[in-house]
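Visitor: Show me the folded form of this:
(chains A, B, C and D)
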There are 2 protein chains.
Amino acid sequence: MASISVRDVANRAGVSVGTVSNVLNKPEKVNSETIRRVHEAIDSLGFVRNDAARQLRAGRSRAIGLIVLDASNPFFTDVARGAENAAQDLGIAVLTGNSDQDPEREQRYLDLFEEQRVRGILLSPVGELTARLERMRSRGVPVVLVDRRADLEGFSSVSVDDIQGGRLAVEHLLQLGRRRVAFVGGPVGLQQVADRLEGARQAIAEVPGAEIEVLPIPQLTVEHGRLVGESLRARSSDELPDAVFAANDLVAVGLLQAFMLTGSVRVPEQVALVGYDDIAFANAAVVPITSIRQPSELMGRTAVELVERELEDPEGAVREHVVFPPVLVVRASSGGAIGSDPGALSA
Amino acid sequence: MASISVRDVANRAGVSVGTVSNVLNKPEKVNSETIRRVHEAIDSLGFVRNDAARQLRAGRSRAIGLIVLDASNPFFTDVARGAENAAQDLGIAVLTGNSDQDPEREQRYLDLFEEQRVRGILLSPVGELTARLERMRSRGVPVVLVDRRADLEGFSSVSVDDIQGGRLAVEHLLQLGRRRVAFVGGPVGLQQVADRLEGARQAIAEVPGAEIEVLPIPQLTVEHGRLVGESLRARSSDELPDAVFAANDLVAVGLLQAFMLTGSVRVPEQVALVGYDDIAFANAAVVPITSIRQPSELMGRTAVELVERELEDPEGAVREHVVFPPVLVVRASSGGAIGSDPGALSA
DNA sequence: CGGCTGTGTTGAAACGATTCAACAATCGCA
DNA sequence: TGCGATTGTTGAATCGTTTCAACACAGCCG
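Guide: Here you go, the predicted structure:
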């Protein structure tokens, strides 16, 4: 029951505690025969290093804290995966907390991470945290904002250029010869939605004769996509747009379902469809959906690297804002590579 | 830069360190005026308790470790949410790691959690861990298996009765008058798949004239569901089953897509469809899919409670296997509540 | 007044790993 | 042989919190 400590290992191996510690942390300073004996003792006693004691001495832990907005959103699980992979390479760990868009839960995870003295925090913020983060920074704990451009001054961040993403989507539609584009998304209060729309408008403005119609929705869900899809279906064919850009893939799935349900709107013949995020389901939809991919895994990886870089440069004014370019992934819903006969889609 | 400790707080408040500790942990033993002064000192200095020191003294941390098989599977995010909610009520934290079905990652998280001296571990295991878990148990660290019945002797577990789930699904189909049921799932090596099929067979056996056809697939994915769906679509109508039970919702979605694509198989008129897991997408599919719900959040919550119960009963032989009943959720794909005109589904 | 109870407070010991100045042993070289 | 350099090893001090035996003090009673 009594826990096994370095002292026990030292006794068993016939060396001092300092030597055991050196075997664990600086083996190059220890005679190889001694190393062997110590490891033997460790194995036979089943010794497991007590991380609390180690980090008490070290002053900081070997873990990075990650707080995500929504653990069920594939985007964030990919970010987390990227962070874990990067951390693994560095021999550190990632502790993941899910704020679930609740400022109170977010606070609790910040408390926990502060008490744990994590080496840094990756955060996609919900609540108002300026004062709090200011304090962490003054303590020398790096904070990296994920998926939000530097709305908080003085913190590093990783994000995606959503304006560029919007451009990519609509330029693709325009290149297909489409001219009457509908944008389905909302609420426009959301930075991401506003940026995507802005990019779409920029692309439209560059092509004479192209026009855009904005169809606002209160939330980015399958249901609201479907509702808009049904209202579009009811239009006469000369009122129908020939292309739709959905602010995310869930909305695109809803639109597609409405179009498919009666088969009265053919995708992509009558309406070409582009979504955003490139979630796994975009590829698995009835008609695979063209989408804008965010390099989510790379974002997580980069965020971890930014934390470590700030740590290595303690006095540093090293605050970086890494903005990733989005990538267009063309699939059947905009007439890209189609597995089966497109004609079959009209049902 | 120098970290602020209880000693600093004590000086500032003009009391001893013992008193500061008591304010933090046993305020009922401290004079209320003293409490006030100490809190004032804490606030003005920005003191944050060092959890490493605290748990070094305590011998164990205030966190429970959770290792999930697949963080992108909604089932596990729900389990995690349940565990976090339960932990919150108890004033402890949950550290979540994603093994991603990789035994090596699973090992690394176990190492981490052992070094952190977590109070307990919730685990949906991938690799062979008997020896390892045995050691943890002998150290008095409770281990609770999630979503696996006690294939490892002597550990508590939470799981769902998948045999019962299979029964529910097929009994429902039989009650609708269907008699020719197809089961789509695999690999049968998977305990869950085998159990669901077993339950289905039991239900079939109780109704004279009912028969079941097993259509095996190598993986529970949308793609494989779609492939089977296409082969069914090609059958003549008297060879077609009048009901399909899919081993999970992803497979059901694939089947549905194949049926809808040409509209040659009408759901639910020609074929009634039931899935398993009740993922969010089941409700958001073109035709909402009837499914078997697992109480995933409750499972997470219960697992945390089992850990705490084992801790309170140190010598205890308290090893419980909690098996939850699955729940049938009826939707349009089996002719349940349908929003719009069912006839419209035939396209 | 002496003894007793109850309420607050104190400060040193303990938790277990890491660090580092000091020491020991061995070797090379003049 | 003597001296410095090199390589290994030692063990006490340290990190910040909690615990606990000991103490101080006030109030009460016989």
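
Visitor: Okay, helices next: where are they in chain A?
Guide: Counting by DSSP state H, chain A has helices at residues A:6-13, A:17-25, A:32-45, A:51-58, A:74-90, A:103-116, A:130-138, A:162-175, A:191-205, A:222-233, A:249-262, A:280-284, A:296-312.

Visitor: quick one, which of those is packed in tightest?
Guide: Stretch with highest mean neighbour count among the helices of chain A: helix A:249-262 (a mean of 26; mean count of other Cβ atoms under 10 Å in any protein chain shown). From N, CA and C alone the C-beta is placed, and that goes for glycine too.

Visitor: coming back round to it: go through the helices of chain A and name the closest to residue B:235.
Guide: Residue B:235 sits nearest to helix A:249-262 of all the helices of chain A, at 22.6 Å, using Cβ to Cβ.

Visitor: same for that closest one, what does it pack against?
Guide: Where contact means 3 or more Cβ pairs under 8 Å, 6 or more residues apart in numbering or on different chains; DSSP states H and E, helix A:249-262 is packed against strand A:180-185, helix A:222-233, strand A:243-246, strand A:272-274, helix A:280-284.

Visitor: what about the third one and chain B, touching?
Guide: When you say that, I think you mean strand A:243-246. No. Applying Cβ under 8 Å from any Cβ of the partner chain, one finds strand A:243-246 separated from chain B by no less than 14.3 Å.

Visitor: One more: the fourth one?
Guide: No. No part of strand A:272-274 sits close enough to chain B to count as contact by Cβ under 8 Å from any Cβ; the gap is at least 14.9 Å.

Visitor: what's the closest residue in space to residue A:35 that isn't next to it in sequence in contact with, if anything?
Guide: Take residue A:35 and drop its neighbours on the chain: the residue closest to it by Cβ to Cβ, 6 or more residues apart in numbering or on different chains is residue A:23, 5.4 Å away. Contacts for residue A:23 (Cβ atoms under 8 Å, 6 or more residues apart in numbering or on different chains) come out as A:30, A:34-35, A:38-39.

Visitor: any idea how far the residue of chain A found nearest DNA strand D is from residue A:29?
Guide: As assessed by Cβ to the nearest atom of the strand, DNA strand D sits closest to residue A:18 within chain A, at 2.3 Å. Distance, residue A:18 to residue A:29, using Cβ to Cβ, to the nearest Å: 10 Å.

Visitor: One more: residue A:88?
Guide: 26 Å.

Visitor: Same question for residue A:123.
Guide: 38 Å.

Visitor: Please identify which of the two sits among more neighbours.
Guide: residue A:123 (30 against 9; other Cβ atoms under 10 Å in any protein chain shown).

Visitor: ok, and the closest non-adjacent residue to the more buried one?
Guide: That would be residue A:67: by Cβ to Cβ, 6+ apart, it lies 5.1 Å from residue A:123.

Visitor: Surely that neighbour is in contact with residue A:127?
Guide: No. Applying Cβ atoms under 8 Å as the test, residue A:67 and residue A:127 come out as separate, 10.9 Å apart.

Visitor: Please identify every residue contacting each of the two.
Guide: Joint contacts of residue A:67 and residue A:127 (Cβ under 8 Å, 6+ apart) are residue A:106.

Visitor: the more surrounded of those two?
Guide: Between residue A:67 and residue A:127, counted using other Cβ under 10 Å, the more crowded position is residue A:67 (23 against 14).

Visitor: Low-confidence ranges, the stretch 151-300 of chain A, go.
Guide: Within the stretch 151-300 of chain A, the stretches with pLDDT under 70 are A:151-152.

Visitor: which ones are touching the one residue in it that gets nearest to DNA strand C?
Guide: For the stretch 151-300 of chain A, the residue closest to DNA strand C is residue A:156, as judged by Cβ to the nearest atom of the strand, at 26.4 Å. Residues in contact with residue A:156, defined by Cβ under 8 Å, 6+ apart, are A:142-145, A:306, A:310, A:318-322.
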